[in-house]
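Engineer: quick one, fold the following:
(4 chains)
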Protein chains: 2
Amino acid sequence: MAARTRKSERRTEALSRERIIETAVELLDAAGEGGLTFRVLTERLATGPGAIYWHVANKGELLGAATEAVVAAALAVEPAEPPGSPQGEIRAVALGLFDAIDEHPWLAAQLATQFASGPWKSVAPRILESIGRHVRALGVPRGSWFTATSALVHYILGAAGQNAANSANARTLGLDMDRGTFFGAVSTAWGELDPEDYPFTRAVADQLLDHDDREQFLAGVDLILTGITTVHPRTS
Amino acid sequence: MAARTRKSERRTEALSRERIIETAVELLDAAGEGGLTFRVLTERLATGPGAIYWHVANKGELLGAATEAVVAAALAVEPAEPPGSPQGEIRAVALGLFDAIDEHPWLAAQLATQFASGPWKSVAPRILESIGRHVRALGVPRGSWFTATSALVHYILGAAGQNAANSANARTLGLDMDRGTFFGAVSTAWGELDPEDYPFTRAVADQLLDHDDREQFLAGVDLILTGITTVHPRTS
DNA sequence: ACCTGAACACCGTTCAAGT
DNA sequence: ACCTGAACACCGTTCAAGT
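Structural biologist: As a prediction, the model looks like this:
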């Protein structure tokens, strides 16, 4: 009975840009960028391709809109009640993006494109703003705001993307394979590299085994934060 | 006459995996990831698709091989004659990757995928090794080698990718548009954002105008290096 | 062992036609 | 204004057949 209501809702619900984007995100989450197809989309929405093209210019715009929607949601949960230290706020925003990319692995590649292919569009300023606001509070001199913020954003996007690719890969290799066994396999492979050419990678192979992704990610953020506050000490 | 020799050479030259990869890189450089097509490839190599599939498993493997070839070349020019400071060496490797990605913008997305979709394959250990070697020389304690190196690599890949996307975008928007006018347009757009929601981005808009990409990139590397050496001071 | 080329299933996008 | 659905050009990949 709930199904009947559901179904009739689905049928009556007008085709809107929002509904298309929402469905696109679902498809992307379920099967990655390759999972978003106009055929599957028309099927799920019970229409023809022409109907979708009425609301959306092309696939690129659809991907962009999906990216914007997910990023906006990730950055919306920000406000910490007691307005913590700038460092704490930056860590929080960074983790929010990290988790969003982990949940929607397709986001990583999309952000890389999106960020540059239209820096005036909402997503780039939004991320820049949410980090930069707190870099400013850190006491960094005005002339270095952009450099410091860019470094953080680049690291966050790079690291989160890497992490997402790892999860996606573990999933692809075997549905039963968890991150532990995945990194175990990588660790073993690294340990078998030529000692002549890869002494460092071999030496570091075992550190892969007991590392925590989020911890490691935050350690990187902290490294950059330390760099920023060391180069630009507060002069209050 | 030179043309005749050329042409006959082309015809006689056996189809090899190397020649296929080489041509693939040419196509990718010329028109991005969308420019690499089995049709164009067969045309350029004067064969059928089956011939290519004899030497290469599929398009993914071909992209991977192209990535490996370009990265190997970028990291090969490394050895500095007077073995400079670890910091200097890291900056050099970072710049090498930055330039490689700038020259081959398709590399960025490819590296993001590649790096994780097979961390045992040559490209990930190779980059890790070329940076990690010098992180070690920096006097970082063993337990932090991986974290410090990862932070650097993530930043380098993220920032270089961003930069490449910017160049590619400037190129797309207009063939006559150089980076200056491109960033000018972005700067203007940022300056027109809502002052309520985007105070930081607005304040930073003018810094876009006179920033140098490579300088900015290196400043980020230095920030991380400062962070690393501050958290892990030498105890010699 | 290496190459040919027709064929297959699938993709994004368009557009005349309907309501 | 909004939607339908056939059609188009193009894609990666396969495979029986040749040499």
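Engineer: thought A:Leu41 was touching A:Thr23?
Structural biologist: Yes. The pair A:Leu41 / A:Thr23 is scored as a contact, 6.4 Å apart, by CB atoms under 8 Å. (Glycine included, C-beta is placed from N, CA and C.)
Engineer: compare the two (neighbour count), which wins?
Structural biologist: Here A:Leu41 and A:Thr23 are compared on neighbour count by other CB atoms under 10 Å in any protein chain shown; more neighbours surround A:Leu41, at 21 against 18.
Engineer: can you give me the strands for chain A?
Structural biologist: Assigned strands in chain A: none (criterion: DSSP state E).
Engineer: residue nearest the centroid of it?
Structural biologist: Here the mean C-alpha position of chain A is nearest to the C-alpha of A:Ile101 (CA atoms, centre = their mean), at a distance of 2.5 Å.
Engineer: would you confirm that that residue contacts A:Ala159?
Structural biologist: No. The criterion here is CB under 8 Å, and A:Ile101 misses it with A:Ala159 at 9.3 Å.
Engineer: phi, psi of the closest residue to A:Ala51 other than its chain neighbours?
Structural biologist: The shortest distance from A:Ala51 to any non-neighbouring residue, by CB to CB, 6 or more residues apart in numbering or on different chains, is to A:Leu15 (5.7 Å). Torsion angles at A:Leu15 (phi, psi; degrees, to the nearest 10) stand at phi -70, psi 120.
Engineer: what separates A:Leu15 from A:Leu28, distance-wise?
Structural biologist: Distance, A:Leu15 to A:Leu28, using CB to CB, to the nearest Å: 19 Å.
Engineer: compare these two (neighbour count), which wins?
Structural biologist: A:Leu28 (23 against 14).
Engineer: ok, now which ones touch the more buried one?
Structural biologist: A:Gly35, A:Leu36, A:Ala66, A:His104, A:Trp106 (CB atoms under 8 Å, 6 or more residues apart in numbering or on different chains).
Engineer: for burial, what's the neighbour tally of A:Glu61?
Structural biologist: For A:Glu61, using other CB under 10 Å, the count is 12.
Engineer: can you name the residue of chain A nearest to DNA strand D?
Structural biologist: A:Gly50 (2.1 Å; CB to the nearest atom of the strand).
Engineer: tell me the residues of chain A that contact DNA strand D?
Structural biologist: Contact residues (CB under 7 Å from any atom of the strand) of chain A with DNA strand D: A:Ala14, A:Leu15, A:Ala46, A:Thr47, A:Gly48, A:Pro49, A:Gly50, A:Ala51, A:Tyr53, A:Trp54, A:His55.
Engineer: got CSV for these, with pLDDT too?
Structural biologist: Putting the residues of chain A next to DNA strand D into CSV (pLDDT from 0 to 100) gives the following:
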residue, pLDDT
A:Ala14, 81
A:Leu15, 91
A:Ala46, 95
A:Thr47, 95
A:Gly48, 95
A:Pro49, 97
A:Gly50, 96
A:Ala51, 97
A:Tyr53, 98
A:Trp54, 97
A:His55, 97
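Engineer: farthest-apart pair in the residues you listed, please.
Structural biologist: A:Ala14 and A:Pro49 (17.5 Å; CB to CB).
Engineer: who has more neighbours, the two?
Structural biologist: The neighbour count for A:Ala14 versus A:Pro49, taken as other CB under 10 Å, is higher for A:Pro49 (11 against 5).
Engineer: next, the angle from the longest helix along chain A to helix B:145-173.
Structural biologist: The longest helix of chain A (DSSP state H) is helix A:145-173. Comparing the axes of helix A:145-173 and helix B:145-173 via axes from the mean of the first three to the mean of the last three CA atoms, to 10 degrees yields an angle of 100 degrees.
Engineer: helix A:145-173 and chain B in contact?
Structural biologist: Yes. Counting by CB under 8 Å from any CB of the partner chain, chain B has neighbours in helix A:145-173: A:145-151, A:153-159, A:161-162, A:165-166, A:168-169, A:172.
Engineer: which of those residues are close to DNA strand C?
Structural biologist: Counting by CB under 7 Å from any atom of the strand, no member of the residues of helix A:145-173 next to chain B is near DNA strand C.
Engineer: out of these, which are buried?
Structural biologist: A:145-151, A:153-159, A:161-162, A:165-166, A:168-169 (16 or more other CB atoms under 10 Å in any protein chain shown).
Engineer: what does A:Ala14 show for phi and psi?
Structural biologist: Torsion angles, degrees, to the nearest 10, at A:Ala14: phi -60, psi 150.
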